[in-house]
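Asks: sequence unknown, structure follows:
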Ligand SMILES: Cc1cn([C@H]2C[C@H](O)[C@@H](COP(=O)(O)OP(=O)(O)O[C@H]3O[C@H](C)C(=O)[C@H](O)[C@H]3O)O2)c(=O)[nH]c1=O
């Protein structure tokens with residue numbers, strides 16, 4: 001695996017090193033030793049799948065806070081996604097700034113998201129399927145989010161956003177939330 005740091009400290013894009021032959025390819029998609037050597041989380045307690053039927057579907061920007069703060073590892077298994085992370089950490093020099101990774105099921109690349117960083121994405125193709133690994137169990141009482149359409153975040157979503165949930169549409173803007 002190749003780890004490429006993103007502009008948000010502690011976040012990175014992970015690309016596969018494929019062993020290809022006439023049968024196809026074999027690639028290591030996770031390694032505790034390699035993650036530990038990079039200072040990344042190695043304990044994953046929950047996996048989720050997100051199926052997005054329509055191109056343009058927008059989900060986010062979500063996080064869990066306090067004792068339920070979580071790292072995430074997200075990979076696209078079908079289709080393509082414009083994946084965005086927003087730094088919400090108190091005192092971070094990149095607070096309020098975002099980074100983008102295009103997750104593509106052809107590349108099978110992944111994005112690693114540290115605690116205190118919100119996550120969202122827009123599906124770029126129909127039936128885009130994302131797989132999540134979470135370092136902390138789902139904790140509804142510690143869920144939070146920032147509005148993906150907040151002009152202050154200045155996220156340039158590639159497609160007109162569709163299928164926004166009522167919850168996401170009602171998320172607070174950056175200046176309304178406390179740093180994590
Ligand atoms: C995350 C989660 C959700 N749920 C329930 C809660 C809701 O009733 C339903 C859908 O959850 P939610 O509306 O949060 O799904 P998304 O809007 O796609 O949010 C997800 O996508 C954004 C981009 C993320 O980064 C979050 O990790 C993740 O919450 O599943 C569970 O039962 N278990 C879980 O682990």
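Replies: Okay, I see it. Quick caveat: nothing in here was measured; it's all calculated off a predicted structure. Residues are numbered from 1 along each chain as shown.

Asks: please count neighbours and contacts with C-alpha atoms only from this point.
Replies: OK.

Asks: helix or strand for the residue most central in space within the chain, which one?
Replies: Taking Cα atoms, centre = their mean as the criterion, residue 119 is the residue nearest the geometric centre of the chain, at 4.5 Å. According to DSSP states H and E, residue 119 maps onto strand 117-123.

Asks: from the chain's centre, how far out does that strand sit?
Replies: 5 Å (Cα atoms, centre = their mean, to the nearest Å).

Asks: quick one: strands adjacent to the helix or strand that it is followed by?
Replies: Once the chain leaves strand 117-123, the next helix or strand it forms, by DSSP H and E, is strand 128-134. Sheet pairing for strand 128-134, assigned by DSSP bridges, gives strand 46-52 (antiparallel), strand 72-78 (antiparallel).

Asks: picking up where we left off before, ok, the residue nearest to the centre of the chain touching residue 64?
Replies: No - counting by Cα atoms under 8 Å, residue 119 stays clear of residue 64, with 10.2 Å between them.

Asks: interface residues of the chain facing the ligand?
Replies: Residues of the chain found near the ligand (Cα under 6 Å from any ligand atom) are 59-62, 119-121, 138.

Asks: 8 Å instead?
Replies: The chain has residues 46-48, 50, 59-63, 72, 118-121, 132, 134, 137-140, 165, 167-168 near the ligand, with proximity defined as Cα under 8 Å from any ligand atom.

Asks: can you select the buried ones from these in PyMOL?
Replies: Selection of buried members from the residues of the chain next to the ligand for PyMOL, criterion 16 or more other Cα atoms under 10 Å:
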select buried, resi 47+59+60+61+62+63+72+118+119+120+121+132+134+138+168
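
Asks: secondary structure class for residue 81?
Replies: strand (DSSP: H, G, I helix; E, B strand; the rest coil).
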